[in-house]
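A.B. asks: fold the following and give me the result.
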Amino acid sequence: MLKFYYNPISVNTLRVWVALLEKQVPFEPILVTLDGDQFETDFTAVNPLQRIPVIVDNGFRIIESLAILDYLEAKYPTRSLMPSQPEDVAKVRIVEMVAVNELQPATVPLTRSLVGLDIDDQKLDAAKKRIISVMLFYEDLLGTHSYFIGEEITLADIVAGTIVPSLPMFGFSFDLYPRLKAWSERLLMRESWQQITPQPEVMEAALPIVRKILEQRL
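C.D. replies: Residues are numbered from 1 along each chain as shown. The predicted structure follows:
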């Protein structure tokens, strides 16, 4: 059975977890607590870069969440999470890369502030402006569709959708983004999202670990 090394507070983990659930791929979950066990010999043997997520499928190891998503789509094409039309494939990649390269890094300064670490006001303001620009971009891209690519969920929704719904935690309101709000609510109602969304007490307990990880990035 496929082995899935994960932690419920990791955004990179969540996107892989949702894909596994949406595709109904059986897997063995292996929790990596991130309070030091990611540096232990056993896990380092699995991923020398000491990061999650990792999957091991029939002895084949894949690291990096986007690579894992591509592997799952190729290895387990039913149900498909990638459209077939070239224009739609491009849109999926655009949404993914904006989420990973623009939105996710912009949440780091806000997370530092949330857990009580010092952060330069200019960096904080720049992060907030970048997040708003991404929200505007996604709002426009959604158009009148239920999901980014029409009426079926794709990897675009999974990658962006494991970040965007958490933005209110950082003080961002969806009131000016009705399409994004409806899309986020639609995702959160899916069984896969309900399974992977951490409970408030889990998030509260994870804050010291998040703080420690961010401190190590200094």
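
A.B. asks: so where's this structure uncertain?
C.D. replies: 115-116, 199-218 (pLDDT under 70).

A.B. asks: outline the domain layout of it.
C.D. replies: 2-80, 86-195 (automatic domain parsing).

A.B. asks: just send those domains back as JSON lines, with mean neighbour count too.
C.D. replies: Glycine gets a C-beta too; all of them are placed from N, C-alpha and C. Shown next, in JSON lines, are the domains of the chain (neighbours: other CB atoms under 10 Å):
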{"stretch": "domain 2-80", "mean neighbour count": "16"}
{"stretch": "domain 86-195", "mean neighbour count": "17"}
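
A.B. asks: for the protein, identify the residue most remote from the centre.
C.D. replies: Relative to the centre of the chain, and counting by CA atoms, centre = their mean, the farthest-placed residue is Thr41 at 26.5 Å.

A.B. asks: residues in contact with that one?
C.D. replies: By CB atoms under 8 Å, 6 or more residues apart in numbering, the contact list for Thr41 is empty.

A.B. asks: packing partners of the lengthiest helix in the chain?
C.D. replies: Looking across the chain with DSSP state H, the single longest helix is helix 121-142. Judged by 3 or more CB pairs under 8 Å, 6 or more residues apart in numbering; DSSP states H and E, the packing partners of helix 121-142 are helix 86-98, helix 104-114, helix 178-188.

A.B. asks: who touches the second one?
C.D. replies: What that stands for is helix 104-114. With CB under 8 Å, 6+ apart as the test, helix 104-114 has contacts from 11, 118-119, 123-124, 126-128, 130-131, 134, 163, 166-167, 169-171, 207, 210, 214.

A.B. asks: tell me the angle it makes with helix 121-142.
C.D. replies: 130 degrees (axes from the mean of the first three to the mean of the last three CA atoms, to 10 degrees).

A.B. asks: next, the angle from helix 104-114 to helix 86-98.
C.D. replies: For helix 104-114 against helix 86-98, the angle by the same axes, to 10 degrees is 30 degrees.
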